[in-house]
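Engineer: Sharing a sequence plus its predicted fold:
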Amino acid sequence: MPELPEVETVANGVDARVRGQGIVSVWTSGRPQTFKSPESEIEEVLTGARIDRVRRVGKTIVMTLGRSRGAAGEASGAEFLVHLGMTGRLLVSAAAVPVPPHTHAVLRLADGREVRFVDPRRFGRLSVKLVGEAGDGYAGPGVEPLRVSVEEFRRLFLGRKTAIKAALLNQSLLHGVGNIYADEALARAGVRPRRRAGRLTRAEYARLHGALQEVLRRAIELGGSSVSDYVDADGVRGFFQLEHRVYGRGGEPCRVCGTAIRKIVVGGRGTHFCPGCQR
DNA sequence: AGGTTGACCTGGACGC
DNA sequence: TGCGTCCAGGTCAACC
């Protein structure tokens, strides 16, 4: 599942491979729910544009576009937004490589390669945003977990009655944390997922803040977690799943204390924790 | 308004 | 073997 580390890995990989490239032509699948902007607008904005930069904001991949030809005086500058959803992939491939099933968009580049959006489950979303258009379209009110201070982090949760696990997943509080890293951060911080978000001790907020940053940084180093079908821009899997302490390990012994990892449901999501280590 | 639940999707795992 | 059922979860809409 693409969360912050996976999206960051894909965005950086695509950036390194296609920055500065012109987009010659665009194909889209016609599957309406994949496209948050009209397909005709996406094709119009992308065709003839130059890829200036690709980065991550929250769980969204933001491709900054410039005009590579003509269009002098026109409103230059737009962004192509890619949300991978559950099973989305953004791949940079040679044109000769067969187009995989469930491909919903292809950006043909000037050098002959292609940027392909592939998404079997179709939870992913593509859109474009013109510079100056109202709303950020992707950033939202939440903060970036790798930039937030301990005190800001604590204030996000004060007064909240929902479970800390559910609060970690709330994108209007924190950007980019999904089910895997919420469970892994809580495990490393020694905090049970059903604890009320506003009722942790200062020491626990501090441990959770540190643990969340640690797991996100480590996962980025390892190219993300590949638990189902996540791959980077080259189709390569990540390795952080090998360091998971709880996620996907229900019934198995805790790597620290040996207690069997339990799997429960919190906020409608499968949730894994160690009853021995987490209080 | 915060909180909770279900719908959206399809491939893969599992049970009989 | 094969078929049916269930599960995975990011996000949004609907509801409490």
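Structural biologist: Looks like it arrived, so ask away. Fair warning: this is a prediction, and the values are worked out from it, not measured in the lab.
Engineer: Next, the buried residues of the longest helix along chain A.
Structural biologist: Secondary structure of chain A per DSSP state H: the longest helix is helix A:202-221. Using 16 or more other C-beta atoms under 10 Å as the test for burial, helix A:202-221 gives A:204-209, A:211-213, A:215-216, A:219-220. Where C-beta positions appear, they are placed from N, C-alpha and C, glycine not excepted.
Engineer: pLDDT and distance to DNA strand C added to those, as JSON lines?
Structural biologist: What follows is the buried residues of helix A:202-221, written out as JSON lines (pLDDT from 0 to 100; distance: C-beta to the nearest atom of the strand, whole Å):
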{"residue": "A:E204", "pLDDT": "98", "distance to DNA strand C": "22"}
{"residue": "A:Y205", "pLDDT": "98", "distance to DNA strand C": "22"}
{"residue": "A:A206", "pLDDT": "98", "distance to DNA strand C": "24"}
{"residue": "A:R207", "pLDDT": "98", "distance to DNA strand C": "22"}
{"residue": "A:L208", "pLDDT": "98", "distance to DNA strand C": "17"}
{"residue": "A:H209", "pLDDT": "98", "distance to DNA strand C": "20"}
{"residue": "A:A211", "pLDDT": "98", "distance to DNA strand C": "18"}
{"residue": "A:L212", "pLDDT": "97", "distance to DNA strand C": "14"}
{"residue": "A:Q213", "pLDDT": "97", "distance to DNA strand C": "18"}
{"residue": "A:V215", "pLDDT": "96", "distance to DNA strand C": "14"}
{"residue": "A:L216", "pLDDT": "96", "distance to DNA strand C": "14"}
{"residue": "A:A219", "pLDDT": "94", "distance to DNA strand C": "13"}
{"residue": "A:I220", "pLDDT": "94", "distance to DNA strand C": "16"}
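Engineer: how about those, which pair is most distant?
Structural biologist: Spatial extent of those (C-beta to C-beta) is set by the pair A:E204 and A:I220 at 24.4 Å.
Engineer: What residues does chain A have near DNA strand B?
Structural biologist: Counting by C-beta under 7 Å from any atom of the strand, the residues of chain A lying close to DNA strand B are A:33, A:86, A:101-102, A:120-123, A:160-163, A:166-167, A:197, A:267-268.
Engineer: which among the residues you listed end up buried?
Structural biologist: Buried among the residues of chain A next to DNA strand B (16+ other C-beta under 10 Å): A:M86, A:H102, A:P120, A:R122, A:R160, A:T162, A:A163, A:A166, A:A167, A:A197, A:G267.
Engineer: what are the ranges of the strands in the stretch 101-250 of chain A?
Structural biologist: A:103-109, A:113-118, A:125-130 (DSSP state E, counting those that start in this stretch).
Engineer: Nearest to A:L81, out of those?
Structural biologist: Nearest of those to A:L81, taken as C-beta to C-beta: strand A:125-130 at 4.8 Å.
Engineer: Is A:E41 in contact with A:K129, as I believe?
Structural biologist: No. A:E41 lies out of contact with A:K129 (C-beta atoms under 8 Å); the separation is 10.2 Å.
Engineer: which one of the two has more residues nearby?
Structural biologist: A:K129 (21 against 14; other C-beta atoms under 10 Å).
Engineer: so what's that one up against?
Structural biologist: Listed by C-beta atoms under 8 Å, 6 or more residues apart in numbering, the contact set of A:K129 reads A:S37, A:A78, A:E79, A:L81, A:G137, A:Y138.
Engineer: can you list the weak-confidence ranges in chain A?
Structural biologist: A:68-76, A:134-137, A:228-229 (pLDDT under 70).
Engineer: And the helices in it, which stretches?
Structural biologist: A:4-18, A:39-46, A:150-157, A:164-169, A:179-189, A:202-221.
Engineer: Quick one: neighbours of A:T201, just the number.
Structural biologist: A:T201 has 9 nearby residues by other C-beta under 10 Å.
Engineer: so what's it up against?
Structural biologist: Taking C-beta under 8 Å, 6+ apart, one finds nothing in contact with A:T201.
Engineer: returning to what we had before: wait, which of the contacts of A:K129 is closest to A:K263?
Structural biologist: Closest to A:K263, out of all of those and judged by C-beta to C-beta, is A:Y138, at 32.1 Å.
Engineer: contacting residues for the closest residue to the closest one other than its chain neighbours?
Structural biologist: The shortest distance from A:Y138 to any residue other than its chain neighbours is 4.2 Å, reached at A:T60 (C-beta to C-beta, 6 or more residues apart in numbering). By C-beta under 8 Å, 6+ apart, the contact set of A:T60 is A:V7, A:L81, A:V82, A:H83, A:Y138.
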